[in-house]
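Enquirer: mind folding the following:
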Amino acid sequence: MNATPEVLAVLDDLLAAASPDDRGALWQLDRQGRELDANLVRLPPGAEVGEHQEDVLDVLLVVLAGGGRIVPGDGSAPLMLAPSTVTWLPRTSRRSVTAGPDGLAYLTVHRRRPGLTLKPTVYAQEGGEAPCALDRVCPECGRMSPESAPVFCSACGERFPGR
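Expert: This next block holds a predicted model:
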């Protein structure tokens, strides 16, 4: 592993270079041997990442542009998001994320999830889920698909990119 610090991306430049239709993960940390994961995510106005729960990892969410809200799954008041807002999403918390009228761009950072492992036991198999479920968020309506590899959105019929 390269132990020398390096600039990986200039997030403002990535956002400025993205076309208006680009949504989802615009950039991901991809260095071999890393102990962190990070994603630059952009949602169009009104788009939503449906309610979900991360059982293993705490996530730090930093808003870069636009605004929106996080709705906790426990019924507590929504958390308002604006540029430079830093939000802690503790593991086991349920939440949904909704972009405001100007859309929402944010960076997520969390400990890297270990790879899937299967242990030969009759009683249990341990594994994990993907580090990010954005590939299940419809590019048109922003709804999260219950399918693991959706081809078409069950809500609006939009085809998922690359499928």
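Enquirer: just checking, what packs against the helix or strand containing Asp12?
Expert: Taking DSSP states H and E as the definition, one finds Asp12 inside helix 11-17. Identification of packing neighbours for helix 11-17 by 3 or more C-beta pairs under 8 Å, 6 or more residues apart in numbering; DSSP states H and E yields strand 24-28, strand 36-43, strand 59-72. Placement of C-beta: from N, CA and C, glycine included.
Enquirer: try 10 Å this time
Expert: Under the contact criterion of 3 or more C-beta pairs under 10 Å, 6 or more residues apart in numbering; DSSP states H and E, helix 11-17 touches strand 24-28, strand 36-43, strand 59-72, strand 94-111.
Enquirer: between the ones you listed, which one is closest to Gly162.
Expert: Evaluated with C-beta to C-beta, the helices and strands packed on helix 11-17 place strand 24-28 nearest to Gly162, the distance being 10.9 Å.
Enquirer: mean confidence (pLDDT) on that closest one, please.
Expert: When pLDDT is averaged along strand 24-28, the result is 92.
Enquirer: ditto for stretch 140-151
Expert: Rounded to a whole number, the mean pLDDT of stretch 140-151 is 74.
Enquirer: what's it in contact with?
Expert: 23-24, 43-52, 96-99, 129-130, 133-138, 152-160, 162-163 (C-beta atoms under 10 Å, 6 or more residues apart in numbering).
Enquirer: ok, back up a step: pLDDT of the helix holding Asp12, averaged?
Expert: For helix 11-17, mean pLDDT is 94.
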